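Q: This is the structure alone, sequence omitted:
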């Protein structure tokens, strides 16, 4: 029994959903997304709801059923409300700036880091140390945030680095001289 897969997805009034063969197109005020359904699942649009179905009852079909439903739900939410991740930069002289379609990061290295911003993603910087990443795709927003964080993950001794807003970094004590 798939508890997640059996739940219908409510479609808001400003979102348009179209199913063609194995491709689902979702369009809304925040953007446009598409998804290729896995081979063991199908989707039906009934009025203002999407219903995801599977063709078997084995473990693989049940897993793909729940996965497909969750991805479609995130697509509907993304094109209507959008997703957001916030990062903060800590460290002396560490800063970020948006220039055109790039994020310029100064993270204490001998060179600046230029990160290209993907399409449909909006990055804003406040106070040179707080980045906000917004977009309709939950996967792409999380991927961009993770890639920016990977340039200088928070280190446990001084706490410097790029971290998610509210992320707790377990601090370590340095070596002591006896």
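A: Good, I have the coordinates. What you are looking at is a predicted structure, and each value in this text was computed from that prediction instead of being measured. Numbering: from 1, shown residues only.
Q: could you pull out the helices for this protein?
A: Using DSSP state H, the helices of the chain run over 59-80, 138-150.
Q: mind checking which of those is nearest residue 7?
A: When those are ranked by proximity to residue 7, the top entry is helix 59-80, at 6.6 Å, counting by C-beta to C-beta. Bear in mind the C-beta positions are built from the backbone N, C-alpha and C, glycine included.
Q: buried residues in that closest one?
A: Of the residues in helix 59-80, 61-62, 64-80 count as buried by neighbour count, 16 or more other C-beta atoms under 10 Å.
Q: so it versus helix 138-150, what angle?
A: Between helix 59-80 and helix 138-150, the angle comes out at 80 degrees (axes from the mean of the first three to the mean of the last three C-alpha atoms, to 10 degrees).
Q: packing partners for helix 59-80?
A: strand 9-10, strand 23-28, strand 31-36, strand 41-46, strand 49-54, helix 138-150 (3 or more C-beta pairs under 8 Å, 6 or more residues apart in numbering; DSSP states H and E).
Q: Run through who's touching the strand ranked longest in the chain.
A: Looking across the chain with DSSP state E, the single longest strand is strand 83-90. For strand 83-90, contacts defined as C-beta atoms under 8 Å, 6 or more residues apart in numbering pick out 74, 77, 95-96, 105, 107, 128-138, 141-142, 144-145, 148-149, 154, 159-165.
Q: for it, the distance to its chain's centre please.
A: For strand 83-90, the separation from the chain centroid amounts to 12 Å (computed by C-alpha atoms, centre = their mean, to the nearest Å).
Q: do the same with stretch 72-80
A: Chain-centre distance of stretch 72-80: 12 Å, with C-alpha atoms, centre = their mean.
Q: mind checking the end-to-end distance for stretch 146-162?
A: Stretch 146-162 has an end-to-end distance of 10 Å (criterion: C-alpha to C-alpha, to the nearest Å).
Q: Same question for stretch 144-162.
A: End-to-end distance of stretch 144-162 (C-alpha to C-alpha): 13 Å.
Q: contacting residues around it?
A: By C-beta under 8 Å, 6+ apart, stretch 144-162 touches 85, 87-92, 94, 103, 105, 107-108, 113, 115, 117-118, 121, 123, 131, 133, 135, 163-164, 167, 169-172, 174.
Q: Mind giving me the ChimeraX select for the residues you listed, buried ones only?
A: To isolate the buried members of the contacts of stretch 144-162 in ChimeraX, using 16+ other C-beta under 10 Å:
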select :85,87,88,89,91,94,103,105,107,115,117,121,123,131,133,135,163,169
